[in-house]
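[1] Build the 3D model from these lines:
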Amino acid sequence: MRNPGLDILRLVAVVLVLGRHLYLPQQESRFLKVWQTGGWVGVDLFFVLSGYLVSGLLFKEFQRHGTVDLKRFLIRRGFKIYPAFYAMILATLAVAYLTGEGLRWYRVAGELLFLQNYLGGLWHHTWSLAVEEHFYLWIAFLCFFALRRERPQGSPGNPFRLVPHLFLLTASACLLLRIATLFVFESYSHRAYLFGTHIRIDSLMYGVLLSYGSHFHQLESRLAKVNTATLLTAGCLSLSPAFLFPLELYKGISVFGVILFYLGSGLLVLVALRLRGTRNPLLGVLGPLGASSYSIYLWHLPVLIWGWPLFQKIPGCDGYFAFFCFYMLGSLVFGWLMSKAIEWPMLKLRERLFPSEPAPPKAGIPTPEAPPTA
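    Modelled structure (predicted):
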């Protein structure tokens, strides 16, 4: 069962990213400028949320079955990520062919191999998907190592107790590498200061840390006495420096600020977890829209770059207000439609072929866990 609070948080994250890629009006708008300046922290929200949820799948499976099927885990992740992503890349190649636009082979390879954050890609925003993909492989490796190391004879226990130490090690390594970036690349660039998995995976690992606390140490119940408004305020304040200090002018934001941002994002995740149900009709609409955040994220730049030049040819639709409405509503609606067309059918197929829970054994058929009795 989906948590509506987490879906709404997904929507908040993707709306922040939409603001990051806004064209600004000629007559400066302070609100839009601030939104564009700090909207990139929506990616940090996605990272922490993804780390929390993806690792939670592994923790839950271990708690229920005493083991984890990592092959099935990676296949299920592939069903979630690849179909919608490669559909967008296929559309990109088709548009490039029809328009005669030349594409550099290494950018195509970067997209196809999920190395966009290092090789470059066809789109500016797909770098974060490479970081996520690398994280899936990393967390699967860590899980394999933990299970083999801690339970060689199938003995009971908590094989994930090293998670806090792994987070501290990862966070320290990422920080040191970000500091080194200051000396290696004196002039700021997004690719050098923000895109690398080696400098951003700590955000995802912080989500893993929160998930570990929730599943093995009752983190949510321990924080139950903390007022929700307090957590929400602290989370928002932690993200606020991103909106006040532009990345291009304050390189320290991408080096040290990201620590504050993933800590604040974690607080917002804890707030969202408290909203387990709602009868508010508006939230009832926003939640399902947030559930389509992946497709919205994928398609928002194609909507902007391909769709707006066509839309503004309509008489009376060439002003900034028309642009803003088209970009925001078009990205949300088109992303939702693409999730219905591609993402959701593939998830249904995934559930049929590789269900989230292994099928119970048929009556009369023995299993290794339940040997036949005389």
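
[2] Run through the strands of the stretch 201-350 of the chain in chain order.
    For the stretch 201-350 of the chain, applying DSSP state E, counting those that start in this stretch gives no strands.

[3] The residue nearest in space to the middle of the chain sits in which helix or strand?
    Residue closest to the average C-alpha location in the chain (C-alpha atoms, centre = their mean): Phe46, at 3.5 Å. Using DSSP states H and E, Phe46 maps to helix 41-65.

[4] I'd assumed Ala242 was in contact with Gly264.
    No. In this structure, Gly264 is not within contact of Ala242 by C-beta atoms under 8 Å, at 9.4 Å. Any C-beta I mention is one placed from the backbone N, CA and C, and that applies to glycine too.

[5] For the two, indicate the residue with more neighbours.
    Ala242 (27 against 23; other C-beta atoms under 10 Å).

[6] For that one, which non-adjacent residue is closest in space?
    Nearest non-adjacent residue to Ala242, counting by C-beta to C-beta, 6 or more residues apart in numbering: Gly38, 3.8 Å away.

[7] which ones are touching the one you found?
    16, 20, 239-240, 242-244 (C-beta atoms under 8 Å, 6 or more residues apart in numbering).

[8] how far out from the middle of the chain is stretch 94-114?
    Centroid separation for stretch 94-114 versus its chain: 24 Å, with C-alpha atoms, centre = their mean, to the nearest Å.

[9] now swap in stretch 283-297 and tell me
    13 Å.

[10] So which residues make contact with it?
    2, 4, 6-14, 17, 46, 80-81, 84, 125, 275, 278, 331-332, 335-336, 338-340, 342-343.

[11] Can you flag which of those residues belong to helices?
    4, 6-14, 17, 46, 80-81, 84, 331-332, 335-336, 338 (DSSP state H).

[12] if we can go back for a sec, show me which of the contacts of stretch 283-297 are buried.
    The neighbour-count test (16 or more other C-beta atoms under 10 Å) marks 4, 6-14, 17, 46, 80-81, 84, 125, 275, 331-332, 335-336, 338-339, 342-343 as buried among those.

[13] residues near Val269, how many?
    25.

[14] so who does it touch?
    6, 9, 48-49, 52, 207, 210.

[15] Between helix 41-65 and the helix or strand hosting Glu133, find me the angle.
    If you go by DSSP H and E, Glu133 is part of helix 127-150. Angle of helix 127-150 versus helix 41-65, following axes from the mean of the first three to the mean of the last three C-alpha atoms, to 10 degrees, is 30 degrees.

[16] Could you point out which residue ranges in the protein have low pLDDT?
    1, 150-156, 358-374 (pLDDT under 70).

[17] Check the gap between Cys317 and Phe323 for me.
    Counting by C-beta to C-beta, to the nearest Å, the gap from Cys317 to Phe323 is 8 Å.

[18] Backbone dihedrals for Gly121, please?
    phi -140, psi -170 (degrees, to the nearest 10).

[19] Can you give me the neighbour number for it?
    By the measure other C-beta under 10 Å, the count of residues near Gly121 is 25.

[20] mind listing what it touches?
    Applying C-beta under 8 Å, 6+ apart, we find Gly121 in contact with 107, 110-111, 127.
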